[in-house]
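S.K.: no FASTA, just this:
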Ligand SMILES: Cc1cc2nc3c(=O)[nH]c(=O)nc-3n(C[C@H](O)[C@H](O)[C@H](O)COP(=O)(O)OP(=O)(O)OC[C@H]3O[C@@H](n4cnc5c(N)ncnc54)[C@H](O)[C@@H]3O)c2cc1C
C-alpha cells in the first residue's frame, strides 16, 4: 500500500506538492477551510464579472513549466508574457511610465535620466550576478540547520557582501540620478515586506528577474486557470479534497503527528503531514510552541496587508493598461509610514489590474473589471477597518481623476476585502498578504523550516516557510518539501 500524505490547506503550495507527491505514488488527501481550492490564488464571480482575488501576474514562469514537465505533463493553462510589464503613474507627472524589458524602449520612457540604457545595463548585470550566484546556494535548497546554511552563504562570492549592508535605495542612488527611476525600480522591495530604505541591496536581483531574466507573465482567461488546470489532474489521480474543513488541533504519538483534528472534532490520520497554512502561525496556534506564540510572532516582520476592491464598471476605460501602479509624490514619507500607521492613508498608493483588457470573458460586453490593491498596515497596527468605504471612495475618486473616466457613477458591481476579510478567508496572520517578510534575518535557515523541529512526519510548504512567498517561489517550495519527504520516507512503501 502506498503511504498516505495529508495536506492542511489547498493553496498553490499545497496543489503543487500534491501534484509532485501523487506522481511519485503517494496517496494524497487535502483539508481546506475555504469552500474552494487555490488559497490566495482564488476567484470571485459576481454580477456577471469574474475577478482574480489575489495574484495577477508572476515572474520565473519556468518554475511552472518545471512543475508539469517533470511529471511528463503539458502546462495545463496558457501563459502570456506582459509587454509592457506594467505602467506607473506618479502624481503630478505629465507622463505615465511604461516598463519595458527592452532597455532601448525603456530608455525612451526615462529620457530625463542621462545615459539611462548604459546605467541600467550595468545595474542589471550586477543584479543578475547576485541572482545566479544565490539561486542554488540560498533559494533552491533545503537546510538542516544554521551551520549548513551559513556554510552555503559563505560560498556566495564575497563581492556581493557590501550589498548585504547597503540599502536598495542607496544602491539605486549609486546608479541613477532621477527620483522617478529610483522610485519605480524600488517598488519590488514592498513585495518582500520592507521599504527600499531598509531592504538590503542584494534584492536588486528582483529588478533583474522582472526586467531582464524572465519578465512577468499572466494567464489567458485569468489567474484562476492555474487552479482549474491543476485540479482535474489531481482528481484523476485520486487526490481527495475536503472543503469547509478547518484544522484546529493535533494528536501526537511517539514523537510523531498521529492526526490533525478539525473544528468538528474529527481526527484525520496519515503517515506524513504537510502544512500549507502559515508555517509560523501553525507552530504557535496549533502546536503550542513557545517560540511561535502570538507575542513572538507579533515581533517578527510581516509583509503589508491587502486592502482590495473588485469593481465591475460600465464602459471602456481607455486611459489605463492591464497592470498599473498609481503612486503619490511623497515616496519616502509614504514608505516610512505605511507599515506602522493606525489610520488609512489619506492619499493612498495602489495597484490596478484591468483583466478585461486582455480577457474579455471576465466582464460583460462593453464593461471593464477592475481589481484594485492598496497595501496597508496589518492588523497589529490597524485592527479597525470600519473606514473601509471611505478609503474605497478616496481611491475610486483618485483613480477616476487620473484616468479621466467617471468610475464612481458607472459601478455595476463592488466588493471590498479589508485585511480582516483576508485573515478570515485564508487564515492570513494578522491579515499580512504575503506572509513573513524577507529580511536577511527571516530567510534561509532563519525562516520557519519546511521540516518540523520535533515531529518527524510533519512538513511545511507555502509563503512563510522556505524559500518564501510569491507564486513561483511556493512552487519551488513544493519541490524542496517533496525532496525532503521522499528522502526521509521513500517514494512509495
Ligand atoms: C492580494 C494579493 C496579491 C498577490 N499578488 C501576487 C502576484 O501578483 N504575484 C505573485 O507571485 N504572488 C502574489 N501574491 C502572493 C501569493 O498569492 C502567495 O505567495 C501564494 O499564493 C501563497 O500560496 P500558499 O500556498 O503559501 O498559501 P495560501 O494561498 O495562503 O494557501 C493556504 C491555504 O491554507 C488554508 N488554511 C489555512 N489555515 C487552515 C486550517 N487551519 N485548516 C485548513 N485550511 C487552512 C487557507 O484557507 C488557504 O487556502 C499575492 C497575494 C495577495 C494576498
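M.R.: Cool, got the structure. Everything numeric here is computed off the predicted structure, so don't read it as measured data. Numbering: from 1, shown residues only.
S.K.: CA atoms for contacts and neighbours, from now on please.
M.R.: Will do.
S.K.: List of residues touching stretch 388-395?
M.R.: Residues from elsewhere that reach stretch 388-395 (CA atoms under 8 Å, 6 or more residues apart in numbering): 309, 344-348, 416, 418.
S.K.: typed the wrong thing, it's stretch 105-123
M.R.: Identification of contacts with stretch 105-123 by CA under 8 Å, 6+ apart yields 97-100, 103-104, 175-178, 181.
S.K.: coming back round to it: and which of the contacts of stretch 388-395 is nearest to residue 362?
M.R.: Distances from residue 362 to the contacts of stretch 388-395, taken as CA to CA, are shortest for residue 309 (15.8 Å).
S.K.: how far does the host helix or strand of residue 29 sit from the chain's center?
M.R.: Residue 29 belongs to strand 27-31 when assigned by DSSP states H and E. Remark: strand 27-31 is offset 24 Å from the chain centroid, using CA atoms, centre = their mean, to the nearest Å.
S.K.: is any part of it close to the ligand?
M.R.: Yes: against the ligand, strand 27-31 shows contacts by CA under 6 Å from any ligand atom at residue 31.
S.K.: Contact partners for residue 362?
M.R.: 48-51, 221-222, 355-356, 369 are the contacts of residue 362 under CA under 8 Å, 6+ apart.
S.K.: Including distance to the ligand, could those residues go into JSON lines?
M.R.: Below are the contacts of residue 362 laid out as JSON lines (distance: CA to the nearest ligand atom, whole Å):
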{"residue": "48", "distance to the ligand": "21"}
{"residue": "49", "distance to the ligand": "18"}
{"residue": "50", "distance to the ligand": "16"}
{"residue": "51", "distance to the ligand": "12"}
{"residue": "221", "distance to the ligand": "15"}
{"residue": "222", "distance to the ligand": "12"}
{"residue": "355", "distance to the ligand": "12"}
{"residue": "356", "distance to the ligand": "16"}
{"residue": "369", "distance to the ligand": "16"}
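S.K.: List only buried entries from those residues.
M.R.: Among those, those scoring as buried are 49-51, 221-222, 355-356, 369 (criterion: 16 or more other CA atoms under 10 Å).
S.K.: could you dump those residues to TSV with pLDDT and secondary structure?
M.R.: As requested, the buried ones among the contacts of residue 362 are arranged in TSV below (pLDDT from 0 to 100; DSSP: H, G, I helix; E, B strand; the rest coil):
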residue	pLDDT	secondary structure
49	97	strand
50	96	strand
51	97	strand
221	94	coil
222	95	coil
355	93	helix
356	92	helix
369	95	strand
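S.K.: Could I get the buried residue list for stretch 375-388?
M.R.: For stretch 375-388, a neighbour-count test (16+ other CA under 10 Å) marks 375-380, 382, 385, 388 as buried.
S.K.: how far does it stretch from start to finish?
M.R.: End-to-end distance of stretch 375-388 (CA to CA, to the nearest Å): 13 Å.
S.K.: does the ligand sit close to that stretch?
M.R.: No: against the ligand, stretch 375-388 shows no contacts by CA under 6 Å from any ligand atom, the least distance being 8.3 Å.
S.K.: Might you enumerate the residues of this protein proximal to the ligand?
M.R.: So the chain meets the ligand at 8-14, 31-34, 38-41, 54-58, 245-248, 276-277, 306, 426-427, 433-434, 462-463, 469-471, 474 (CA under 6 Å from any ligand atom).
S.K.: Pick out the residue of the stretch 51-200 of the chain closest to the ligand.
M.R.: Of all residues in the stretch 51-200 of the chain, the one sitting closest to the ligand is residue 55 (3.1 Å; CA to the nearest ligand atom).
S.K.: what helix or strand is the closest residue to that residue other than its chain neighbours on?
M.R.: Nearest non-adjacent residue to residue 55, counting by CA to CA, 6 or more residues apart in numbering: residue 41, 5.9 Å away. Per DSSP H and E, residue 41 falls between elements, in no helix or strand.
S.K.: what's the burial count for residue 230?
M.R.: Residues lying near residue 230 (other CA atoms under 10 Å) number 20.
S.K.: thinking again about what came up before, inside strands: which ones of the contacts of stretch 105-123?
M.R.: Mapping the contacts of stretch 105-123 onto strands (DSSP state E) picks out 97-99.
S.K.: remind me which residues of this structure are low pLDDT?
M.R.: Residue ranges of the chain with pLDDT under 70: 1, 492-493.
S.K.: related to what we said a few turns ago, residues making contact with the helix or strand following the strand holding residue 29?
M.R.: Per DSSP H and E, the first helix or strand lying C-terminal to strand 27-31 is strand 43-46. The contact list for strand 43-46 (CA under 8 Å, 6+ apart) reads 50-53, 224, 413.
S.K.: now swap in stretch 401-418 and tell me
M.R.: Contact with stretch 401-418 is made by 46-47, 306-315, 317-320, 385, 388, 392, 396-397, 399-400, as judged by CA under 8 Å, 6+ apart.
S.K.: on that earlier part again, quick one: the contacts of stretch 105-123 as JSON lines, columns for neighbour count too.
M.R.: Converted to JSON lines, those look like this (neighbours: other CA atoms under 10 Å):
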{"residue": "97", "neighbour count": "22"}
{"residue": "98", "neighbour count": "19"}
{"residue": "99", "neighbour count": "23"}
{"residue": "100", "neighbour count": "22"}
{"residue": "103", "neighbour count": "17"}
{"residue": "104", "neighbour count": "12"}
{"residue": "175", "neighbour count": "16"}
{"residue": "176", "neighbour count": "18"}
{"residue": "177", "neighbour count": "14"}
{"residue": "178", "neighbour count": "15"}
{"residue": "181", "neighbour count": "20"}
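S.K.: can I get those residues in a markdown table with distance to residue 113?
M.R.: A markdown table is the format used below for the contacts of stretch 105-123 (distance: CA to CA, whole Å):
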| residue | distance to residue 113 |
| --- | --- |
| 97 | 13 |
| 98 | 15 |
| 99 | 15 |
| 100 | 16 |
| 103 | 13 |
| 104 | 13 |
| 175 | 11 |
| 176 | 7 |
| 177 | 7 |
| 178 | 6 |
| 181 | 8 |
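S.K.: From those residues, pick the one nearest residue 365.
M.R.: The shortest gap between residue 365 and any of these belongs to residue 98, at 27.1 Å (CA to CA).
S.K.: Can you name the residues that contact the closest one?
M.R.: For residue 98, the contacting residues are 84-88, 106, 109, by CA under 8 Å, 6+ apart.
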